[in-house]
Every structure is written in structure tokens, then in C-alpha cells.
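**Student:** Need a 3D model of the sequence below.
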Amino acid sequence: MERDLQSVLDAVLEGVLILDEKGAVERLNSEACRMLEVSNETAVGCQVADLVGPTHAVTSLTRSVYNTGRPAVQDEVPLERRLGADLPIEVAVSPLDSADRQLRGVVVMLRDRTVANTLRKMVDEREQLASYGHIAAGIAHEVKNPLGGIRGAAELLTNGASDERGKKTASLIVREVDRITALV
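**Tutor:** Model (predicted):
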């Protein structure tokens, strides 16, 4: 079964741009269009610098690959967007060589890191909450130990008190220790 290159590119979950030997966009997939907030018709023929800006990391990495012929990767690159918050992306740029080893262009892969970053933040928050839980359990244990001793001493005072006032005071201590223990 013969497949159309564009349908294959559109099936890829990352943004893909194919640039010619002069750096103009030859093809891009629907995910790249979404990330760059541009239509396929608008992007084809444009330079990467026209799409993301002349100083953007995608432009710099692309220039580097054209100059060196070696792949380049950069993680956590903010992609400025008109219609929403910046998009954190990972950028990978690889050379397209011909049979005679001449650079025919480059392939630019853009991976949206939004979901991965959100999951990482959720894991970090859960780990932080778990740490707080361990700290709280340790503090509760350390507070309950002396409270047990205070309660025991107050019970002894209640039993050994000769007057009513001493018994009431010792009973008050027992009740307050029980209240603090319940709070802890």
C-alpha cells in the first residue's frame, strides 16, 4: 500500500519541519502547524527565522546544523505563542544528506513538553506532600511521648492528692493532655 508522505508526517505526534538546502520550509506536519500557530500554506517557503524569530533557539540550532552538518538538540525551549502561554518544547535538528554526502536540507523535530512538565510537577507535589506527611508524623510522635509522661504524672497526682483542689488541678492536666493528644 503506497502512502502519501504528508499523511505519514501528520501521523507523527511531534512537530516536523523539512527545510531545503537554503533553509526554506518544504513541508511541515499538522502538529508543527499547531505548535507554530501557522497554516501549512503560510509556512511553506518561509525561513524558520520568519516563523519563530531570528534569535530563537530553533533558528540557532538550524543554523548550527547547516554550518556543521551535525545534529543538534536542545530541551526546554520556550516557544512564544500569540494565542496562549508559551509552549515548552524540545528541539532536535538533523541534517538531510544526499548520496554524495552534500547537505540537502534539515529536519526539525518539535516535541511539546507541556504534558510531561505537568506530570513532573504533579509528581514533585506528591513527593513534597509525602515529605510533609513524614515530618508531621515525626513531630506528632515526638509530641505524644512527653504528653504520655505528663498524663501519667498527673494521674499519680490525682490519686495522691490530699485535698480537693489538688485533685481538680491534676484532673484538669489529664483532660488538657488528652485534648492535645487528640489534636496531634
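**Student:** Report the contact partners of residue 174.
**Tutor:** The contact partners of residue 174, by Cβ atoms under 8 Å, 6 or more residues apart in numbering, come to 151, 154, 155, 158. (C-beta placed from N, C-alpha, C; glycine too.)
**Student:** Pull the distance from whichever strand or helix holds it to the chain's centre.
**Tutor:** Residue 174 is located in helix 164-183, with elements delineated by DSSP states H and E. Centre-to-centre, helix 164-183 and its host chain are 50 Å apart (Cα atoms, centre = their mean, to the nearest Å).
**Student:** Okay, and which of the contacts of residue 174 map to strands?
**Tutor:** Among the contacts of residue 174, none falls in strands (DSSP state E).
**Student:** would residue 106 count as being in a helix?
**Tutor:** No - counting by DSSP: H, G, I helix; E, B strand; the rest coil, residue 106 is not part of a helix but strand.
**Student:** Residue 77 contacts residue 90, doesn't it?
**Tutor:** Yes - with the criterion set as Cβ atoms under 8 Å, residue 77 and residue 90 qualify as a contacting pair; they are 7.1 Å apart.
**Student:** can you pull out the helices in this structure?
**Tutor:** Taking DSSP state H, the helices of the chain run over residues 5-11, 30-36, 40-43, 48-52, 57-68, 114-160, 164-183.
**Student:** for the record, mean pLDDT for the second one?
**Tutor:** By that I understand helix 30-36. This predicted structure assigns helix 30-36 an average pLDDT of 91.
**Student:** buried residues in it?
**Tutor:** 31, 32, 33, 35, 36 (16 or more other Cβ atoms under 10 Å).
**Student:** can I get the contacts of residue 174 in CSV with pLDDT?
**Tutor:** As requested, the contacts of residue 174 are exported to CSV (pLDDT from 0 to 100):
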residue, pLDDT
151, 82
154, 80
155, 81
158, 78
